[in-house]
Every structure is written in structure tokens, then in C-alpha cells.
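I would like the atomic coordinates for the input below:
(chains A and B)
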There are 2 protein chains.
Amino acid sequence: MNAEIMAVGTELLLGDIVNTNAQYLAKELALLGIGIYRQTTVGDNEDRLKKALDEALKESDIVITTGGLGPTPDDLTKEVSAKVFHQELVIHEPSKRVIESYFRNNDRALKNGNLKQAMFPESALVLDNPNGTAPGCILLGPNNKFIVNLPGPPREMIPMFEDKVKPFLLQFMDHTIVSKTLRCIGLGEWDMATRVKDLIDDSVNPTVAPYAKDGESILRITARAKTEEEARTMMAPVEEEIRLRIGDYIYGTDEDTLEEIIGKELLAHNRSIAIAESITGGMIASRLLSFTGGMSKVLHEGFITYSDAAKVKYLGVSEETLKAFGAVSEETCREMAEGLHRETGREVCLVSTGIAGPTGGTEKKPVGLVYIGIYMDGETKVFKRYFTGDRDRIRLRTTIAALDYLRRLMKGLEIEE
Amino acid sequence: MNAEIMAVGTELLLGDIVNTNAQYLAKELALLGIGIYRQTTVGDNEDRLKKALDEALKESDIVITTGGLGPTPDDLTKEVSAKVFHQELVIHEPSKRVIESYFRNNDRALKNGNLKQAMFPESALVLDNPNGTAPGCILLGPNNKFIVNLPGPPREMIPMFEDKVKPFLLQFMDHTIVSKTLRCIGLGEWDMATRVKDLIDDSVNPTVAPYAKDGESILRITARAKTEEEARTMMAPVEEEIRLRIGDYIYGTDEDTLEEIIGKELLAHNRSIAIAESITGGMIASRLLSFTGGMSKVLHEGFITYSDAAKVKYLGVSEETLKAFGAVSEETCREMAEGLHRETGREVCLVSTGIAGPTGGTEKKPVGLVYIGIYMDGETKVFKRYFTGDRDRIRLRTTIAALDYLRRLMKGLEIEE
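Numbering: from 1, shown residues only, chains lettered A, B, ... in the order given. So this is what the prediction gives:
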């Protein structure tokens, strides 16, 4: 079973609002195991809407529209959908009564346009709308194809889909769909695709698909089965195989975040952490503190040591080291981490120094050169990286890399240099 | 001139990410006076993509695609676009050199898939990508139709459209479109709309449109005219009228950021700043340091004083004050700001304390209660606010409010309480 998702509305077409309905419906249909052929956005224009519906019904069994069910002459979705199936609109008495009572209760005069919202083809399955005035409907056409007309506002559309359309669609399904997301850091999209390429290419059920987001690489395993349990059983060996190949890069699954993984690890072992940031200037601490699970138990203080003098004063970096090697060097980074431990006594001390640009780079030390230092268990490790991008991109990638090195060290994982 | 906007990517089709690119492009094309016929989203599937492109080119003069330019075999947009125009791909030497040097600088081995990103039809206009590895292109086809292939990530797509595609499209236009954005803080979208409602409603050319983004309110003035100069002359009196009504809330225009305005103000008056953050935990410092204009001259150090003990140790907050009033109180906030000045001697000292949640709130001090303290010119001011939203939203709104209070104080503007 295939579907097309069609948003109707000039305000969407011209970019006045973002089409979040398409994302919601796409996710829901995918979970139901309904293939999504295409998503389309068309304006409030009868000819174009009719053409789009005709085209969509050539390829898909279901077209789900959002928007264009209102009382104004611009609102054409239901009228055009009926026309596509050669059906006439008549008054739907229950909807008429609901609309009349709505206007009575709100002391507003009922106008002709409002009753337009109570007109449906006789064979339509009308979907009442407890959150607005426009009911939706399911129109049945030739060849077992159908069109579902839903209202545009998400707070009306989502409950209508959830409560009425989903149960209707489930009648036709004999299976369920389950997905699991594996979240990776430190492995480019291309590297990841290469290492698990055969698993991606050969995957049918379960399928394996890669994508990238905010500096992370993501792999999604999806299985279709009679029951959720069966789907999970089918997915387990695929996940196991992926973990054998790139397990060290996988920091979490589904809704996990890096700060959550680190926060939980610190809390579980009752290890406190201090942070001193030069290039990232607060970004690492800020990110760790966005974890909601009780960071105040383990993160008590941090420093932004942006100038050389601050590195000397708060972390005890020696002026000789700064003079001989510069603020962006392995030596300074090491002294920052060790000095932070001396100053705070924290079990884990994480520091950053680097050149975020746009100025300040040299041939030997270009913009994007970064050192990350971690003191832990009596030992200090310093990692050197080069990042590309603008100032904030370099700072963000430094933050992600710093958190990932820390995750690996705490979990005793190997770190490639 | 008509365009279709086409997003390519299974992750979009299945609803893993929201298609914000379509909104951006729709707005930009509308401003250029290019009609938008339709927006489409298709998956990474050669046949369907080809069919969608063929259909789109029947109705539209331009198809703008986003996504599918990466190195993996899944990335097909450029290949299929060329096929639609019966063009062959060849190596584009300048792009090849850029990709090779990227891999050299990152000590990574170049693989065949990566060079796929340097393949273009010979007649293509290649659009280099300073923000990523995938260049875009403009393909010219029969009947003066063309396809523009842009990368999927907004931070790569937007500058490429702005810097390369827009000037290309403007060649075909007999008018120019000029916009100016006024950026406001501290004034809700609704308040702003009310105070300038008539200017918005009655606007034709120039138009005035409000929108909200990342805690800011934005007003955009747009004029269409034969020349940029003419457009700017038309816009000037409109801007003047807006500034008369809500001038104090406008912190900047166009690409200005709050951190830039503050950074420039500090640098201009050679005032140094120190920051101590509890609730925001590095977010304020991190944001100030994203300004590229030389913050190292004025921002030398900062503290994350998350625990009570850190507030005592680094800022000299008295234990009695903490005991009597708590860490989230006007008294503690004032001592934080004054202590930070004593410790660092900086001319401007900015501090934050508050309850970000989700736990830790009480009836008297609910989640979202925040104090912001600013020491300047021998005086300490403390501002109390209540913010709603989740933990990170409260922290972000605190950061923006803190920076805006600082801006107002430095500029001698009135502050409503």
C-alpha cells in the first residue's frame, strides 16, 4: 500500500509557515508500513490541485491531504477531491448540527460559507473535529483508491489522524513496523556507509539506512512483522552485526544524547567533573548541563580561560610553556588539564584550546587546529584535531569531539588517533 | 517565471527531519517575484526522482532541488538531473582539487565515492561550497529550463542560494528586491504586531512582515523597484516610522547578532567583561565568544559556578546569604556580580542564577525563576524574570535576556521592569 501526502495552501507554498504536518504523517505512515511515494505542496488553486490529485492517484493507493477545509472560497480541497472521484456534495446533517451549535454557543452569526464545511459526498466517511469547525473525510474512489481530507492546523489534524484515520488504515494492515536508531560519533557518513555498506545495500526486512544530523551519523534499522516482538527479534541480529563492526562509535540509541550518556556515566560512578574551556568558551559545560538527570551532583564548577593570563591564574599553566609552545599546543593543553585537577580536585577534568578563526591562524597552526585534554585516573591524555568550517562550526565540532573522547575514556574504549 | 522546489531524501520522505529548506526557498523565490508552482519531496530512488523531475519541468521553468549531493551511492540528485537533460558527467577539476585538499588536511584517505562529488556535466555552472564538501550546480536544459542542485544541510544550502543562485536568477528579472530585517528582543510577536499592526496590514510596496525566531521578534521590510537605490529610498520612511514606535527594542538589523552588538560596544569603549554563570552554565560566554571581531581583547575569563560552594569559593558569595535567601535570589545574584568584579577587576560583570528544571522548583521559587545581575560603573543591577518552557528553553531565554539587559545598560536605554 502506497500513499502520497499532499499539503494544500498558498501560505505553505510561499513559505509563510513550515509544513510540519508532512513530517508527522510521514512518520506515522511509515510506522504503519504504508510506503510513502511522495510529499507535495500545492497552492489554493483548483486546476493545479486537481492535476496534483490526479497524478498522485496514478501512483498511490491513498492520498492524504492537509488544509483547505475552511469556510472561505479559497478552501477547495474537499470540493476538488470529490470532483476527482466524480462525486457530488450534499449536506451532512450531523456536521451541520455541530456547526450550528458551535455558532450558537459562540454568539456568532452563521454564514453560508460555514455550512460549506458540512457538505460531503454521500458515500464519504465523515471525520468529526472536536478541536475545530472543519470536519475531515475519507472518500472512496474507483479501484479501491481513497483520498483522506484532513484539516491544516496540527492541533486539529493530529488527533483526527490518531483517533480516526489510523484505526481506519489499520484494518488493511496485517503487520506492524518497528524502528531503532543507532547514534554514532567520530565516523563520517561515508566511512560508516562503507563499513556497513553490504548491510545497507542488501537489507530488505529489516532495512538499514544511514543519515547525518548535527555532526552525528545515524543508522536506522526498521523491521516489518506481525507483532512488535517479532520485529524486535528480527532486528536484534542486524544490530549485533552492526555493533561488531562499528560498535565503539555508537554512543546511544533512539532519543539518547551524548550529554545524557556522559551524565549518567558520571553519576553511576559518582565521579565529579570540572571543565576549563578556551576555544569552546562555555559550550562544553553548557551542553553537559542541558542533561536533566541531576548534573548538579557531579558538575560544580568550570572556567572559561580565554586569555593566556586566565590560563596562568586559574589553571596554573606556566608562563614558560605558553611562551615556548603557545596557548594552542599539546603542552599548554596538558598543563590546563593537570592544573584544573590541582585547582578543583575533580576526578575528571576536561579542557579545550584551539584556533576558531576567522583570524589568528598561521601556516603551522591553521584555523581549526584544536587540542582536547582529559585528566582521569591520574593520567592526562591530549588529543589533536583539525576541524573545518566557520568559527561556530569549529567550536561545535570541538565540543562534540571532546564529549566523545570523554565517553570513550570513561567506557574504556579504544581511541584512534 | 515559475519554479518547483524539490527536496530529495528518504529521511525527509519518511519524516525523520522537517523540511525547512522548502520554506526558506519558497520565501526567497516569492521575494524575487518567481511563482512557485509546487513543492515536492521524493526519496532516494532513481526512477521516482526522474519522474518527478520530468513532471516538474513540464510545468515550471526552474526546478530547485535540495539534498542528495553526498558521496554515497544513495546520493543521486545530480546524476538523475543530468540524465533528465541527457547530459554526461565529467570530472570538474577545481572541485576535485578542493576535495583532495580537504582530505589531505584531515589526514584521511580519499576514496572513489568522494570524487563523485566533483563530477558535473560539462556545461554545468558549478557552485562551490565553502561550508561543506558537496558543491552544487546549475544545469541548463532545452527550452531555457534549468535545474538547480543544492546541498541538503541548511547551513550549506542557504549561503549557496544567497551568494550564487540569487544573483544568477536576478539576471532574468527586470526588477530588484531589497529587504531589510529589524531584529527585536523583549517584545513579544503579538506586542510587536499590535504596535505596528497598521504598518503591516496596509503595506503593499514596501511590505512589512513580522516573524519570530529563536527567542527574537523580527520585522522584515521589503521593496521591489528598478534599482537597489530606489528600493532603499522607498524603505527608509517605513523604517523610520517603525523605529519611532519600537526603536528601543530593535537591537540590530539584517545579519546582526546580539553578541556582535555587545562585542562591538565593549571593544569601542575598551571595556572588559567577565561572566559567572549558574543556570546558563556557559551558554552566555559561549554565545559572546561566537562573535568573530576580537573578543579576546575584552573577554579574558569566566566562571561556571553551578554549586553553592563554587559561588562561595570563586565569587566570594557569603554562606550566610546562601543560607538565608538561597542560591536563586536577588541577594545571591547581587553578591555574585559584585564578587566577580572583586575577583577579576573587569569593568562589566554579568552573572546568572535560576531554576532551569525539570526538578528543583517550589511554590515560591518555581521552575523558570531567574535572576540576572550586571555590575557596571560601580553599580550592580539585578533583574528578576520568569520564563516558561523546558530546561534548555529556559536557559536560552535567560541567555538572551541577560545579553539584552547588558545591551540596554551599555547604551543607556530604559529598562522596563
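
near chain B, which residues of the stretch 251-400 of chain A? Just list them.
Among all residues of the stretch 251-400 of chain A, those adjacent to chain B (criterion: CB under 8 Å from any CB of the partner chain) are A:275, A:277, A:280-286, A:288-290, A:292, A:295-296, A:299-307, A:309-310, A:313-314, A:357-359, A:366, A:386, A:388-393, A:395. Where you see a C-beta, it was placed from the backbone N, CA and C, and this is true even at glycine.

so what's A:Thr133 up against?
A:Thr133 sits next to A:Pro71, A:Ile99, A:Tyr102, A:Asn114, A:Gln117 when contact means CB atoms under 8 Å, 6 or more residues apart in numbering or on different chains.

for the second one, which three-state class applies?
Just to be clear, that refers to A:Ile99. With DSSP: H, G, I helix; E, B strand; the rest coil as the basis, the three-state label of A:Ile99 is helix.

and it, how many neighbours?
Neighbour count of A:Ile99, defined by other CB atoms under 10 Å in any protein chain shown: 21.

circling back to that earlier point, please flag which of the contacts of A:Thr133 sit within helices.
With helices identified by DSSP state H, the entries of those that belong to them are A:Ile99, A:Tyr102, A:Asn114.

what is the burial count for the last one?
Yep, that's A:Asn114 we're talking about. Neighbour number of A:Asn114 under other CB under 10 Å is 19.

separation between the closest residue in space to it that isn't next to it in sequence and chain B?
Nearest non-adjacent residue to A:Asn114, counting by CB to CB, 6 or more residues apart in numbering or on different chains: A:Pro71, 4.9 Å away. Going from A:Pro71 to chain B by CB to the nearest CB, to the nearest Å gives 21 Å.

A:Asn45 too?
Taking CB to the nearest CB as the measure, A:Asn45 and chain B are separated by 9 Å.

beta partners for A:Tyr211?
A:Ile218 (DSSP bridges).

for it, list the residues it contacts.
When contacts are taken as CB under 8 Å, 6+ apart, A:Tyr211 is in contact with A:Glu189, A:Ser217, A:Ile218, A:Arg220, B:Gly9, B:Glu11, B:Asp16.

swap in A:Pro71?
The contact partners of A:Pro71, by CB under 8 Å, 6+ apart, come to A:Lys111, A:Gly113, A:Asn114, A:Lys116, A:Gln117, A:Thr133, A:Ala134.

can I get the residues you listed in CSV including distance to A:Thr77 and pLDDT?
Output for those, formatted as CSV (distance: CB to CB, whole Å; pLDDT from 0 to 100):
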residue, distance to A:Thr77, pLDDT
A:Lys111, 20, 71
A:Gly113, 15, 72
A:Asn114, 16, 79
A:Lys116, 12, 88
A:Gln117, 12, 90
A:Thr133, 15, 80
A:Ala134, 10, 88
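
name the helices or strands packed onto the least confident helix or strand in chain A by mean pLDDT?
Within chain A, judged by mean pLDDT, DSSP states H and E, the helix or strand with the poorest mean is helix A:189-195; its value is a mean of 76. Under the contact criterion of 3 or more CB pairs under 8 Å, 6 or more residues apart in numbering or on different chains; DSSP states H and E, helix A:189-195 touches strand A:207-213, strand A:216-225, helix A:228-246, helix B:112-115.

still on that earlier bit, in PyMOL, how would I select just the buried ones from the contacts of A:Pro71?
If you want just the buried ones from those in PyMOL, going by 16 or more other CB atoms under 10 Å in any protein chain shown, the selection is:
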select buried, chain A and resi 114+116+117+133+134
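
tabulate the contacts of A:Pro71 (a markdown table), appending distance to B:Ala30.
Compiled in a markdown table, those are given as follows (distance: CB to CB, whole Å):
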| residue | distance to B:Ala30 |
| --- | --- |
| A:Lys111 | 31 |
| A:Gly113 | 27 |
| A:Asn114 | 31 |
| A:Lys116 | 28 |
| A:Gln117 | 29 |
| A:Thr133 | 29 |
| A:Ala134 | 26 |
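
and the furthest pair within the contacts of A:Pro71?
Spatial extent of the contacts of A:Pro71 (CB to CB) is set by the pair A:Lys111 and A:Ala134 at 14.4 Å.

show me the shaky parts of the stretch 301-417 of chain A.
Applying pLDDT under 70 to the stretch 301-417 of chain A flags the ranges A:417.

and A:Asn149, that's in a helix?
No: with three-state DSSP as the criterion, A:Asn149 is located in strand rather than a helix.

how many other residues sit next to it?
29.

A:Ala52 now?
A:Ala52 is flanked by 27 other residues according to other CB under 10 Å.

any idea which residue is closest to the centre of chain A?
A:Lys213 (7.7 Å; CA atoms, centre = their mean).

which ones are touching the spatially closest residue to it that is not a sequence neighbour?
If the residues on either side of it in the chain are set aside, A:Lys213 comes closest to B:Ile17, at 6.9 Å by CB to CB, 6+ apart. Contacts were defined as CB under 8 Å, 6+ apart; by that measure B:Ile17 touches A:Gln23, A:Lys213, B:Glu11.

which residue packs closest to the first one, ignoring adjacent ones?
Residue nearest to A:Gln23 in three dimensions, not counting chain neighbours: B:Gly15, with 4.3 Å by CB to CB, 6+ apart.

where's the one you found relative to A:Gly345, distance?
Counting by CB to CB, to the nearest Å, the gap between B:Gly15 and A:Gly345 amounts to 48 Å.

swap in A:Phe85?
Distance, A:Phe85 to A:Gly345, by CB to CB: 75 Å.

so for the two, which residue has more residues nearby?
When A:Phe85 and A:Gly345 are compared for neighbours, A:Phe85 comes out ahead with 18 against 10, by other CB under 10 Å.
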